[in-house]
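Chemist: next come a sequence and a model predicted from it.
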Amino acid sequence: MDQAGVALYHRVMRQENFEKAAKDLVSLVYAAEKKEPGKPRTLYLDIDGHRNAQGRFDADMRSSKRDSD
């Protein structure tokens, strides 16, 4: 039997640093596991700002996302 997954969404705001974003993401995943134990999860992440002069993610956000653009 195939289980439906859980979609998680988080938006990192311009003024947030890596530590705040990481804490928020851990809390989000923890809450999802508590509510829907064992279900597969997919994380959708939007990051506002946090770009360098070349338009790539800055050092703070490269810690939380693979820079693939």
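Modeler: Noted; the coordinates are in hand.
Chemist: for the protein, just list every one of the strands.
Modeler: 6-12, 41-47 (DSSP state E).
Chemist: for the record, mean pLDDT for the last one?
Modeler: What it means is strand 41-47. Averaged over strand 41-47, pLDDT sits at 90.
Chemist: biggest helix in this protein by residues?
Modeler: Determined from DSSP state H, the single longest helix within the chain is helix 18-35.
Chemist: which strands and helices sit next to it?
Modeler: Contact partners of helix 18-35 among helices and strands, from 3 or more Cβ pairs under 8 Å, 6 or more residues apart in numbering; DSSP states H and E: strand 6-12, strand 41-47, helix 59-62. Any C-beta I mention is one placed from the backbone N, CA and C, and that applies to glycine too.
Chemist: make CSV from these and add mean neighbour count to it.
Modeler: CSV is the format used below for the helices and strands packed on helix 18-35 (neighbours: other Cβ atoms under 10 Å):
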stretch, mean neighbour count
strand 6-12, 14
strand 41-47, 12
helix 59-62, 15
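Chemist: what comes up buried for the longest helix of the chain?
Modeler: Judged by neighbour count (16 or more other Cβ atoms under 10 Å), helix 18-35 contains these buried residues: 18, 21, 25, 32.
Chemist: report the central residue of this structure.
Modeler: Nearest to the geometric centre of the chain sits residue 45, at 4.4 Å (Cα atoms, centre = their mean).
Chemist: identify the residue spatially nearest to it, adjacent ones excluded.
Modeler: Counting by Cβ to Cβ, 6 or more residues apart in numbering, residue 10 is the residue found nearest to residue 45 once chain neighbours are left out, at 5.6 Å.
Chemist: before we move on, what about residue 5?
Modeler: residue 40 (4.2 Å).
Chemist: just residue 9 next, same as before
Modeler: Computed as Cβ to Cβ, 6+ apart, the closest residue to residue 9 that is not its neighbour in sequence is residue 44, at 4.7 Å.
Chemist: how near is the one you found to residue 11?
Modeler: Plainly put, residue 44 is 9 Å away from residue 11 if you go by Cβ to Cβ, to the nearest Å.
Chemist: pull the contacting residues for the closest residue to residue 24 other than its chain neighbours.
Modeler: Nearest non-adjacent residue to residue 24, counting by Cβ to Cβ, 6+ apart: residue 10, 6.1 Å away. Neighbouring residues of residue 10 by Cβ atoms under 8 Å, 6 or more residues apart in numbering: 21, 24, 25, 28, 43, 44, 45, 46.
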